[in-house]
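A.B. asks: Sharing a model prediction with you, sequence too.
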Amino acid sequence: MVYTLDSNTVSYLLRSEGNVRQHFEQEIAQIGNPYAIPFVVAYEVRRWLHDKPTRQIKILSLQFDALFQNVEDRADMSSAVWERAVEIYISLKQKGQLIGDVDILIAAYCLVNGYTLVTRNTDDFRRIDSLLFVNWYE
């Protein structure tokens, strides 16, 4: 199983909030499951880091760089992902349940690659058919 880390999961992991660090250590370090961080998540994390105090930015940025360096898949979005994202958008819009574009792209990335999303944002991602996700925060 390959886990895709959502931006909220990465931020909790960097700050050791909730049970995220414990789950990461168990699922990734001990069991050896690979993980992925799509570039759109890296963008969100770096944007989040930019708003931190200077001293904190350096520490968290180094931690993120190490995390991002060891990912199984950090490929850019393929055309299949973009096409799947459009399908997800249309489906959600027809249901009147739209979510943010970045979340749609992350979900499409997971669906196209057969990855499980690790997120705390279960309310939004629950709206997407066939998307497998877990919440390591709890």
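C.D. replies: The structure has been received and is ready for your questions. Numbering: from 1, shown residues only.

A.B. asks: count of neighbours near residue 82?
C.D. replies: Using other Cβ atoms under 10 Å, the number of residues around residue 82 comes to 13. No exception for glycine: its C-beta is placed from N, CA and C like everyone else's.

A.B. asks: That one is in contact with residue 108, isn't it?
C.D. replies: Yes - the criterion here is Cβ atoms under 8 Å, and residue 82 meets it with residue 108 at 7.4 Å.

A.B. asks: need the strands for the chain, in chain order.
C.D. replies: Per DSSP state E, the chain carries strands over the ranges 3-5, 35-36, 116-118, 133-134.

A.B. asks: could I get these as CSV with mean pLDDT and distance to residue 64?
C.D. replies: Formatted as CSV, the strands of the chain follow (pLDDT from 0 to 100; distance: least, Cβ to Cβ, whole Å):
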stretch, mean pLDDT, distance to residue 64
strand 3-5, 95, 11
strand 35-36, 92, 13
strand 116-118, 97, 15
strand 133-134, 98, 21
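
A.B. asks: among the ones you listed, which is the most enclosed?
C.D. replies: Mean neighbour count (mean count of other Cβ atoms under 10 Å) peaks for strand 3-5 among those, with a mean of 26.

A.B. asks: So which other helices or strands are in contact with that one?
C.D. replies: strand 35-36, helix 101-113, strand 116-118 (3 or more Cβ pairs under 8 Å, 6 or more residues apart in numbering; DSSP states H and E).

A.B. asks: Show residues contacting the shortest one.
C.D. replies: Among residues not part of strand 35-36, those counted as contacts by Cβ atoms under 8 Å, 6 or more residues apart in numbering are 2-5, 28, 71-74, 109, 113, 115, 118.

A.B. asks: if we go to 7 Å?
C.D. replies: Residues from elsewhere that reach strand 35-36 (Cβ atoms under 7 Å, 6 or more residues apart in numbering): 2-5, 28, 71-74, 115.

A.B. asks: And those residues, which two are furthest apart?
C.D. replies: Within these, two members stand farthest from each other by Cβ to Cβ: 28 and 74, at 14.8 Å.

A.B. asks: the more surrounded of these two?
C.D. replies: Using other Cβ under 10 Å, the more surrounded residue of residue 28 and residue 74 is residue 28, with 19 against 15.
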